[in-house]
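Asker: Prediction below, plus the sequence it came from.
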Amino acid sequence: MALHAVIAGDPHAAAPLVLLHGFGGGAFAWRRVTALLPSDLPVIAYDLPGHGGSLGADGLGGAGRMAKAILSDLEGRGISVFHLAGHSLGGATAALIALRRPEAVASLTLVAPGGFGPEINHRALRRYGLAETADELRAAMEIMVGYNFDIPEDMVRDTLEARRAGGALEALRTVFEAIVSAMCETGPAQGQLPLDDILSLRMPLTLLWGLEDCILPPHQSAVSGDGVAIRRIAGAGHMLVDECPGIVAEEIGRAVSAAG
């Protein structure tokens, strides 16, 4: 089964922007961001393997398997150069895509990406990823966002709707187990990316992090590299594409422009 993607514009007319959502989400998570992007920028927003319309697609598991599946799908679509942005799990996947095919990635925007350190609030992430009712999901989302962010009803509804298909929760459980597959001295941890290699990539690279992120601690954004732009956002939690879509769209647009 092929990966499902929501496409806006002609991805062969110009280098498209490829968007990768976080664990438990879907392509729909980017709608507030894409509404604020330049109208002439083609967009390919994927449902990652094990999510939404890509429930039965190849690549189920962790970021490495997902990166391989996305690259294969883009090759099948005849897309050789693209801009890339990813949130959380999608950010880890995007970073691995850029490492594997740096010549294909014109710009890279990482939004609270996974893999920048071992710490992860695995209990909260599990509650969010495996919630089955609107009440469970809304309660789980409270810790995913900044302290004063009011969770919109469509955020709950659309996230829940993507989990209605048979086998969806089992697939999310598989993905969750791949995310939290490491151990540190204090218990379960996330696998770590090769940060030195990522921060040495030559394309415009932007890192965004919410200072009230209770899933991946903000200190994981304390990195540096030549040409790496870092923006830490006060009042924002982990769900930056929902909480501050204007900032996310602005920074993606800046990275795309910097790539020429």
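Answerer: Okay, I see it.
Asker: Run a quick neighbour tally on residue 14.
Answerer: 15 (other Cβ atoms under 10 Å). All C-beta atoms are positioned from the backbone trio N, CA, C, and that covers glycine.
Asker: try the one 5 residues further on
Answerer: Using other Cβ under 10 Å as the criterion, residue 19 is surrounded by 28 other residues.
Asker: who touches residue 21 in this structure?
Answerer: 27, 29-30, 45-48, 51, 86-90, 241 (Cβ atoms under 8 Å, 6 or more residues apart in numbering).
Asker: which parts of stretch 201-208 are buried?
Answerer: 201, 203, 204, 205, 206, 207, 208 (16 or more other Cβ atoms under 10 Å).
Asker: residues making contact with it?
Answerer: Around stretch 201-208, the neighbours that count as contacts under Cβ under 8 Å, 6+ apart are 98-99, 102, 105-113, 198-199, 221, 223, 225, 227-233, 240, 247-248, 251-252, 254-255, 258-259.
Asker: So how do I select the buried members of those residues in PyMOL?
Answerer: Remark: buried members of the contacts of stretch 201-208, expressed as a PyMOL selection using 16+ other Cβ under 10 Å:
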select buried, resi 98+99+105+106+107+108+109+110+111+112+113+198+199+221+228+233+240+247+248+251+252+254+255
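Asker: Go through the contacts of stretch 201-208 and flag which are in helices.
Answerer: 98, 99, 198, 199, 240, 247, 248, 251, 252, 254, 255, 258 (DSSP state H).
Asker: wait, the fourth one sits on residue 222?
Answerer: No. With contact defined as Cβ atoms under 8 Å, residue 199 does not reach residue 222; the gap is 11.8 Å.
Asker: which SS class is residue 237?
Answerer: Look at residue 237: counting by DSSP: H, G, I helix; E, B strand; the rest coil, its state is coil.
Asker: Quick one: the strands in the stretch 51-200 of the chain, in order.
Answerer: 82-87, 105-111, 182-184, 187-189 (DSSP state E, counting those that start in this stretch).
Asker: dump the residue contacts of residue 231.
Answerer: Here residue 231 is in contact with 206, 207, 208, 209, 247, 251 (Cβ under 8 Å, 6+ apart).
Asker: now these as CSV including pLDDT?
Answerer: Rendered in CSV, the data for the contacts of residue 231 read as follows (pLDDT from 0 to 100):
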residue, pLDDT
206, 98
207, 98
208, 98
209, 98
247, 98
251, 98
